[in-house]
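In: Let's see this in three dimensions:
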Amino acid sequence: MSSRLSRPVVVLSLTAALALTGCASGAAAPVEESAAPATVTIEDNHGAIEVPVNPERVVALDNTTFQTLSDWGVTLVAAPKPLMYDLWPSLSGGDEVLDVGLHREPDLESVVAAEPDLIVGGYRFREIYDDLKQIQPATIETSPRDGEDHTSELKRQTEILGTVFGREAEAAQLTADLDAAIADARAAYDPSETAMGLIASGGKIAYAAPGDGRGVGTLFPTLGLTPALDRAAEDASHGDDISVEAIAAAQPEWLFVLDRDAMFGEDGYVPAKELVENAEALKNVPAVQKGQIVYLDGSFYLDEGIQAYTKLYRSAAEAFTS
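Out: Residues are numbered from 1 along each chain as shown. Below you'll find the model as predicted:
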(Lines give C-alpha, C1' and ligand atoms only; values in the text may rest on other atoms or scores of the structure.)
Protein backbone atom coordinates (compact mmCIF):
# COMPACT_ATOMS: atom_id res chain seq x y z
CA MET A 1 0.00 0.00 0.00
CA SER A 2 1.35 3.44 -0.88
CA SER A 3 2.12 6.06 1.78
CA ARG A 4 -0.60 8.29 0.27
CA LEU A 5 -3.25 5.71 1.11
CA SER A 6 -1.80 4.58 4.44
CA ARG A 7 -1.95 8.01 6.16
CA PRO A 8 -5.75 8.10 6.66
CA VAL A 9 -5.59 4.60 8.17
CA VAL A 10 -3.04 5.78 10.72
CA VAL A 11 -5.15 8.83 11.55
CA LEU A 12 -8.27 6.69 11.86
CA SER A 13 -6.50 4.23 14.14
CA LEU A 14 -5.23 7.02 16.36
CA THR A 15 -8.69 8.53 16.57
CA ALA A 16 -10.19 5.21 17.50
CA ALA A 17 -7.56 4.66 20.18
CA LEU A 18 -8.26 8.05 21.72
CA ALA A 19 -11.97 7.31 21.70
CA LEU A 20 -11.42 4.01 23.49
CA THR A 21 -9.19 5.73 26.04
CA GLY A 22 -11.94 8.23 26.71
CA CYS A 23 -14.49 5.45 27.22
CA ALA A 24 -12.13 3.57 29.53
CA SER A 25 -11.73 6.61 31.74
CA GLY A 26 -15.46 7.00 31.96
CA ALA A 27 -15.59 10.49 30.42
CA ALA A 28 -15.77 11.48 26.79
CA ALA A 29 -13.13 13.95 25.64
CA PRO A 30 -14.73 17.36 25.00
CA VAL A 31 -14.89 18.45 21.39
CA GLU A 32 -13.37 21.88 20.99
CA GLU A 33 -14.83 24.01 18.23
CA SER A 34 -13.00 27.10 17.10
CA ALA A 35 -15.13 30.16 17.68
CA ALA A 36 -16.29 31.96 14.58
CA PRO A 37 -14.52 35.30 14.12
CA ALA A 38 -16.50 38.24 15.45
CA THR A 39 -18.14 40.46 12.87
CA VAL A 40 -19.93 43.77 12.92
CA THR A 41 -22.29 45.49 10.50
CA ILE A 42 -21.29 49.05 9.63
CA GLU A 43 -22.59 51.64 7.18
CA ASP A 44 -19.88 52.64 4.74
CA ASN A 45 -20.16 54.79 1.60
CA HIS A 46 -22.15 52.06 -0.15
CA GLY A 47 -24.50 50.97 2.62
CA ALA A 48 -24.66 48.24 5.24
CA ILE A 49 -21.85 45.67 5.16
CA GLU A 50 -20.72 42.96 7.55
CA VAL A 51 -16.99 42.95 8.25
CA PRO A 52 -14.68 41.22 10.72
CA VAL A 53 -13.77 42.92 13.97
CA ASN A 54 -10.04 43.43 14.43
CA PRO A 55 -9.16 41.66 11.17
CA GLU A 56 -5.71 40.11 11.07
CA ARG A 57 -4.96 40.62 7.38
CA VAL A 58 -5.73 44.18 6.29
CA VAL A 59 -5.13 45.87 2.96
CA ALA A 60 -5.48 49.66 3.24
CA LEU A 61 -5.48 51.87 0.14
CA ASP A 62 -7.22 55.04 1.34
CA ASN A 63 -4.56 57.50 2.47
CA THR A 64 -7.08 59.41 4.60
CA THR A 65 -7.08 56.41 6.97
CA PHE A 66 -3.32 55.84 7.19
CA GLN A 67 -2.52 58.03 10.20
CA THR A 68 -5.38 56.55 12.19
CA LEU A 69 -4.42 52.97 11.35
CA SER A 70 -0.78 53.70 12.14
CA ASP A 71 -1.60 55.28 15.50
CA TRP A 72 -3.77 52.30 16.40
CA GLY A 73 -1.02 49.81 15.67
CA VAL A 74 -2.74 48.13 12.74
CA THR A 75 -0.38 46.13 10.54
CA LEU A 76 -1.02 45.75 6.82
CA VAL A 77 -0.40 42.91 4.39
CA ALA A 78 -0.52 45.18 1.33
CA ALA A 79 -0.47 48.94 0.75
CA PRO A 80 0.15 51.57 -1.96
CA LYS A 81 3.76 52.18 -0.97
CA PRO A 82 4.55 54.92 -3.54
CA LEU A 83 1.77 56.97 -1.96
CA MET A 84 3.17 56.61 1.54
CA TYR A 85 6.77 57.79 1.22
CA ASP A 86 8.26 57.58 4.73
CA LEU A 87 5.24 58.96 6.54
CA TRP A 88 3.89 55.67 7.90
CA PRO A 89 6.77 53.18 8.22
CA SER A 90 4.75 50.89 10.49
CA LEU A 91 2.20 50.47 7.68
CA SER A 92 4.44 50.31 4.62
CA GLY A 93 6.83 47.91 6.36
CA GLY A 94 9.38 45.84 4.45
CA ASP A 95 9.04 43.08 1.89
CA GLU A 96 6.41 41.39 4.04
CA VAL A 97 3.97 44.17 3.07
CA LEU A 98 3.08 43.75 -0.60
CA ASP A 99 3.07 46.84 -2.83
CA VAL A 100 -0.19 47.68 -4.58
CA GLY A 101 1.36 50.65 -6.37
CA LEU A 102 -0.39 53.89 -7.28
CA HIS A 103 -4.06 54.27 -8.12
CA ARG A 104 -3.34 54.96 -11.79
CA GLU A 105 -2.09 51.41 -12.33
CA PRO A 106 -2.91 49.40 -9.21
CA ASP A 107 -1.41 45.94 -8.86
CA LEU A 108 -4.48 43.86 -8.08
CA GLU A 109 -2.42 40.68 -8.08
CA SER A 110 -0.69 41.95 -4.95
CA VAL A 111 -4.07 42.41 -3.30
CA VAL A 112 -5.02 38.84 -4.20
CA ALA A 113 -1.69 37.47 -2.99
CA ALA A 114 -2.10 39.28 0.34
CA GLU A 115 -5.23 37.20 1.12
CA PRO A 116 -6.91 40.03 3.06
CA ASP A 117 -9.68 39.63 5.61
CA LEU A 118 -10.58 43.29 5.06
CA ILE A 119 -9.83 45.86 2.37
CA VAL A 120 -10.05 49.56 3.22
CA GLY A 121 -10.50 51.07 -0.23
CA GLY A 122 -11.81 54.34 -1.56
CA TYR A 123 -10.56 57.84 -2.25
CA ARG A 124 -7.85 57.64 -4.92
CA PHE A 125 -8.69 53.94 -5.39
CA ARG A 126 -12.47 54.31 -5.63
CA GLU A 127 -12.50 53.47 -9.35
CA ILE A 128 -11.50 49.85 -8.62
CA TYR A 129 -14.13 49.26 -5.92
CA ASP A 130 -15.89 46.52 -7.89
CA ASP A 131 -12.59 44.75 -8.55
CA LEU A 132 -11.71 44.84 -4.87
CA LYS A 133 -15.13 43.49 -3.90
CA GLN A 134 -14.54 40.50 -6.15
CA ILE A 135 -11.26 39.81 -4.36
CA GLN A 136 -12.71 40.29 -0.87
CA PRO A 137 -16.41 41.07 -0.29
CA ALA A 138 -15.41 42.70 3.01
CA THR A 139 -14.24 45.84 1.22
CA ILE A 140 -15.19 49.17 2.76
CA GLU A 141 -14.95 52.77 1.64
CA THR A 142 -15.14 55.44 4.32
CA SER A 143 -13.48 58.48 2.73
CA PRO A 144 -15.36 61.80 2.88
CA ARG A 145 -18.10 61.92 0.25
CA ASP A 146 -18.55 64.80 -2.17
CA GLY A 147 -21.43 67.10 -1.38
CA GLU A 148 -21.50 66.23 2.32
CA ASP A 149 -20.33 68.33 5.26
CA HIS A 150 -16.62 67.63 5.40
CA THR A 151 -16.25 67.73 9.17
CA SER A 152 -19.14 65.31 9.65
CA GLU A 153 -17.60 63.02 7.06
CA LEU A 154 -14.23 62.96 8.84
CA LYS A 155 -15.95 62.07 12.09
CA ARG A 156 -18.12 59.41 10.42
CA GLN A 157 -15.04 57.79 8.90
CA THR A 158 -13.24 57.77 12.23
CA GLU A 159 -16.21 56.28 14.06
CA ILE A 160 -16.51 53.48 11.47
CA LEU A 161 -12.84 52.62 11.79
CA GLY A 162 -13.14 52.70 15.57
CA THR A 163 -15.95 50.15 15.41
CA VAL A 164 -14.09 47.85 13.01
CA PHE A 165 -10.80 47.91 14.94
CA GLY A 166 -12.23 48.00 18.45
CA ARG A 167 -10.98 51.53 19.09
CA GLU A 168 -14.22 53.33 19.89
CA ALA A 169 -12.70 55.39 22.72
CA GLU A 170 -9.76 56.53 20.59
CA ALA A 171 -12.12 57.41 17.75
CA ALA A 172 -14.27 59.49 20.10
CA GLN A 173 -11.17 61.38 21.24
CA LEU A 174 -10.15 62.13 17.66
CA THR A 175 -13.56 63.58 16.86
CA ALA A 176 -13.54 65.61 20.08
CA ASP A 177 -10.10 67.01 19.21
CA LEU A 178 -11.36 68.02 15.77
CA ASP A 179 -14.42 69.76 17.20
CA ALA A 180 -12.26 71.64 19.72
CA ALA A 181 -9.83 72.85 17.06
CA ILE A 182 -12.68 74.09 14.88
CA ALA A 183 -14.39 75.85 17.80
CA ASP A 184 -11.16 77.61 18.78
CA ALA A 185 -10.49 78.78 15.23
CA ARG A 186 -14.04 80.03 14.70
CA ALA A 187 -13.93 81.92 17.98
CA ALA A 188 -10.62 83.57 17.13
CA TYR A 189 -11.47 84.59 13.56
CA ASP A 190 -12.59 88.12 12.70
CA PRO A 191 -15.06 87.79 9.80
CA SER A 192 -14.28 91.33 8.65
CA GLU A 193 -10.90 90.03 7.48
CA THR A 194 -11.12 88.27 4.13
CA ALA A 195 -9.28 85.09 3.24
CA MET A 196 -8.15 83.25 0.13
CA GLY A 197 -7.01 79.69 -0.45
CA LEU A 198 -4.15 78.92 -2.82
CA ILE A 199 -2.58 75.71 -4.17
CA ALA A 200 1.05 75.72 -5.26
CA SER A 201 2.27 73.12 -7.75
CA GLY A 202 4.69 72.95 -10.64
CA GLY A 203 6.11 76.38 -9.83
CA LYS A 204 2.69 78.02 -10.20
CA ILE A 205 0.00 79.34 -7.90
CA ALA A 206 -3.61 78.22 -8.36
CA TYR A 207 -6.85 79.44 -6.79
CA ALA A 208 -8.76 77.18 -4.40
CA ALA A 209 -12.46 77.94 -4.51
CA PRO A 210 -14.17 78.30 -1.11
CA GLY A 211 -15.94 75.09 -0.10
CA ASP A 212 -14.35 72.92 -2.80
CA GLY A 213 -11.35 70.68 -3.13
CA ARG A 214 -8.82 69.59 -0.57
CA GLY A 215 -7.65 71.34 2.54
CA VAL A 216 -7.86 75.04 1.90
CA GLY A 217 -11.26 74.95 0.25
CA THR A 218 -12.87 73.25 3.25
CA LEU A 219 -11.65 75.99 5.60
CA PHE A 220 -14.25 78.46 4.40
CA PRO A 221 -17.49 76.67 5.35
CA THR A 222 -15.91 74.96 8.36
CA LEU A 223 -14.50 78.10 9.96
CA GLY A 224 -16.91 80.62 8.44
CA LEU A 225 -14.17 82.48 6.58
CA THR A 226 -15.09 85.49 4.45
CA PRO A 227 -13.81 84.93 0.88
CA ALA A 228 -11.68 87.66 -0.65
CA LEU A 229 -12.65 86.18 -4.02
CA ASP A 230 -15.66 83.93 -4.39
CA ARG A 231 -16.00 82.09 -7.66
CA ALA A 232 -16.95 78.53 -8.51
CA ALA A 233 -14.25 75.90 -8.93
CA GLU A 234 -13.30 74.52 -12.31
CA ASP A 235 -10.73 72.06 -10.94
CA ALA A 236 -11.42 71.35 -7.29
CA SER A 237 -8.47 68.98 -6.90
CA HIS A 238 -5.68 70.99 -8.48
CA GLY A 239 -7.03 74.52 -8.23
CA ASP A 240 -7.92 76.99 -10.97
CA ASP A 241 -5.64 79.22 -12.99
CA ILE A 242 -5.26 82.66 -11.52
CA SER A 243 -2.79 85.47 -12.06
CA VAL A 244 -0.88 87.02 -9.20
CA GLU A 245 -2.44 90.30 -10.28
CA ALA A 246 -5.91 88.89 -9.66
CA ILE A 247 -4.82 87.71 -6.21
CA ALA A 248 -3.42 91.17 -5.47
CA ALA A 249 -6.61 92.84 -6.67
CA ALA A 250 -8.66 90.77 -4.20
CA GLN A 251 -6.54 92.12 -1.30
CA PRO A 252 -6.94 89.12 1.04
CA GLU A 253 -6.11 89.67 4.71
CA TRP A 254 -5.35 85.97 5.11
CA LEU A 255 -3.84 83.36 2.81
CA PHE A 256 -4.04 79.60 3.31
CA VAL A 257 -1.62 77.78 1.06
CA LEU A 258 -1.37 74.09 0.16
CA ASP A 259 1.91 72.95 -1.41
CA ARG A 260 1.08 69.86 -3.47
CA ASP A 261 4.72 69.18 -4.38
CA ALA A 262 6.32 69.52 -0.95
CA MET A 263 6.78 65.77 -0.36
CA PHE A 264 7.93 64.79 -3.84
CA GLY A 265 11.28 66.60 -4.05
CA GLU A 266 11.30 66.70 -7.84
CA ASP A 267 13.92 68.62 -9.80
CA GLY A 268 13.02 72.28 -10.16
CA TYR A 269 10.73 72.26 -7.12
CA VAL A 270 9.91 75.75 -5.85
CA PRO A 271 8.41 75.90 -2.34
CA ALA A 272 5.02 77.56 -1.96
CA LYS A 273 6.47 80.06 0.52
CA GLU A 274 8.93 81.26 -2.10
CA LEU A 275 6.28 81.47 -4.81
CA VAL A 276 3.97 83.56 -2.65
CA GLU A 277 6.31 85.79 -0.67
CA ASN A 278 8.78 86.50 -3.46
CA ALA A 279 6.16 87.45 -6.02
CA GLU A 280 6.56 91.15 -6.74
CA ALA A 281 2.87 91.57 -7.53
CA LEU A 282 1.89 90.23 -4.08
CA LYS A 283 4.17 92.38 -1.93
CA ASN A 284 1.40 94.89 -1.19
CA VAL A 285 -1.25 92.28 -0.39
CA PRO A 286 -2.32 92.70 3.27
CA ALA A 287 -1.79 89.00 4.06
CA VAL A 288 1.79 89.18 2.82
CA GLN A 289 2.56 92.50 4.46
CA LYS A 290 1.21 91.36 7.83
CA GLY A 291 2.62 87.85 7.62
CA GLN A 292 -0.88 86.42 7.85
CA ILE A 293 -0.18 83.33 5.77
CA VAL A 294 -0.86 79.79 6.94
CA TYR A 295 1.01 77.08 5.06
CA LEU A 296 -0.39 73.60 5.35
CA ASP A 297 2.03 70.86 6.42
CA GLY A 298 4.13 69.53 3.58
CA SER A 299 2.65 66.07 4.15
CA PHE A 300 -0.95 67.29 4.01
CA TYR A 301 -1.55 66.35 0.37
CA LEU A 302 -0.57 62.74 1.09
CA ASP A 303 -2.39 62.55 4.41
CA GLU A 304 -5.72 64.38 4.48
CA GLY A 305 -6.95 62.40 7.48
CA ILE A 306 -8.75 63.68 10.55
CA GLN A 307 -5.46 64.39 12.34
CA ALA A 308 -4.19 66.53 9.43
CA TYR A 309 -7.35 68.64 9.46
CA THR A 310 -7.29 68.96 13.23
CA LYS A 311 -3.74 70.27 12.99
CA LEU A 312 -4.72 72.66 10.20
CA TYR A 313 -7.58 74.14 12.23
CA ARG A 314 -5.34 74.44 15.26
CA SER A 315 -2.80 76.29 13.12
CA ALA A 316 -5.56 78.62 11.97
CA ALA A 317 -6.65 79.27 15.55
CA GLU A 318 -3.08 80.04 16.59
CA ALA A 319 -2.59 82.36 13.63
CA PHE A 320 -5.83 84.24 14.32
CA THR A 321 -4.85 84.84 17.94
CA SER A 322 -1.23 85.83 17.35
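In: CA only for contacts and neighbour counts going forward, please
Out: OK.
In: so the residue nearest to G203 when sequence neighbours are not counted is in which element?
Out: Leaving aside its chain neighbours, G203 sits nearest to V270 (5.5 Å; criterion: CA to CA, 6 or more residues apart in numbering). According to DSSP states H and E, V270 maps onto no helix or strand at all.
In: Would you confirm that V270 contacts R260?
Out: No: using CA atoms under 8 Å, V270 is not in contact with R260, being 10.9 Å away.
In: Next one: R186 relative to A172, how far apart?
Out: Distance, R186 to A172, by CA to CA, to the nearest Å: 21 Å.
In: A48 too?
Out: A48 is 21 Å from A172, where distance means CA to CA.
In: Of those two, which one has the most company?
Out: Using other CA atoms under 10 Å, the more surrounded residue of A48 and A172 is A172, with 15 against 11.
In: mind listing what the closest residue to the more buried one other than its chain neighbours touches?
Out: Of all residues not flanking A172 in the chain, E159 sits nearest, at 7.1 Å (CA to CA, 6+ apart). With CA atoms under 8 Å, 6 or more residues apart in numbering as the criterion, the residues that contact E159 are E168, A171, A172.
In: can you tell me which residues contact the second one?
Out: Contacts of A171 were listed using CA under 8 Å, 6+ apart, and they are T158, E159, L161, G162.
In: which among the residues you listed gets closest to D95?
Out: Within these, proximity to D95 (CA to CA) peaks at L161, which comes in at 25.8 Å.
In: which residues sit in contact with the closest one?
Out: Neighbour list for L161: R167, A171 [criterion: CA under 8 Å, 6+ apart].
In: now it, what's its secondary structure?
Out: Per DSSP: H, G, I helix; E, B strand; the rest coil, the local secondary structure of L161 is helix.
In: doesn't K155 make contact with E168?
Out: No: with contact defined as CA under 8 Å, E168 does not count as touching K155 (11.8 Å).
In: and the most centrally placed residue in the chain, helix, strand or coil?
Out: Central residue of the chain (CA atoms, centre = their mean): T64, 0.6 Å from the mean position. Assigned state for T64: helix (three-state reduction, three-state DSSP).
In: So for the closest residue to it other than its chain neighbours, what's the pLDDT?
Out: Nearest non-adjacent residue to T64, counting by CA to CA, 6+ apart: G305, 4.2 Å away. You'll see G305 listed with a pLDDT of 97.
In: pretty sure G305 is touching S70, no?
Out: No: the criterion here is CA under 8 Å, and G305 misses it with S70 at 11.6 Å.
In: more crowded one of the two?
Out: Neighbours were counted for G305 and for S70 using other CA under 10 Å; G305 has more, 22 against 17.
In: Show me where the stretch 101-250 of the chain dips below the pLDDT cut-off.
Out: 213-214, 233-240 (pLDDT under 70).
In: and with 50 instead?
Out: Judged against pLDDT under 50, the stretch 101-250 of the chain has no low-scoring part.
In: And the contacts of the longest strand along the chain?
Out: Longest strand in the chain, counting residues (DSSP state E): strand 194-201. Here strand 194-201 makes contact (CA under 8 Å, 6+ apart) with 205-210, 216-217, 225-229, 238-239, 252-261, 271-272, 275.
In: Give me the subset of those lying in helices.
Out: Per DSSP state H, helices hold the following members of these: V216, G217, A272, L275.
In: which of these are buried?
Out: For those, a burial check counting by 16 or more other CA atoms under 10 Å picks out V216, G217, A272, L275.
In: ok, so what distance separates the second one from A272?
Out: When distance is defined by CA to CA, G217 is 17 Å away from A272.
In: The first one too?
Out: Noted for V216: a distance of 14 Å to A272, by CA to CA.
In: Touching both of these two, which residues are there?
Out: In contact with both V216 and A272: V257, L258, using CA under 8 Å, 6+ apart.
In: how about the helices of the stretch 51-200 of the chain, start to end?
Out: Remark: helices assigned in the stretch 51-200 of the chain by DSSP state H, counting those that start in this stretch are 66-71, 89-92, 108-114, 129-135, 150-164, 168-188.
In: where does D267 land on pLDDT?
Out: The predicted local confidence for D267 is 76.
In: re earlier: of the buried ones among the ones in helices among the contacts of strand 194-201, just say which sits nearest to Y295.
Out: A272 (8.1 Å).
In: Hmm, that closest one is touching L255, no?
Out: No: A272 sits out of contact with L255 when judged by CA under 8 Å, with a separation of 11.6 Å.
In: you'd agree G121 is up against Y129?
Out: Yes: look at G121 against Y129 with CA under 8 Å: they come within range, at 7.0 Å.
In: Now list whatever residues contact both of these two.
Out: With CA under 8 Å, 6+ apart as the test, G121 and Y129 both reach T139.
In: Who has more neighbours out of the two?
Out: Neighbour count, other CA under 10 Å: between G121 and Y129, G121 has more, with 24 against 17.
In: and this structure, what are its domains?
Out: Listed by automatic domain parsing, the domain ranges of the chain are 39-146, 176-321.
In: for the residue nearest to the centre of the chain, what are its contacts?
Out: Going by CA under 8 Å, 6+ apart, T64 touches Y123, S143, D303, E304, G305, I306.
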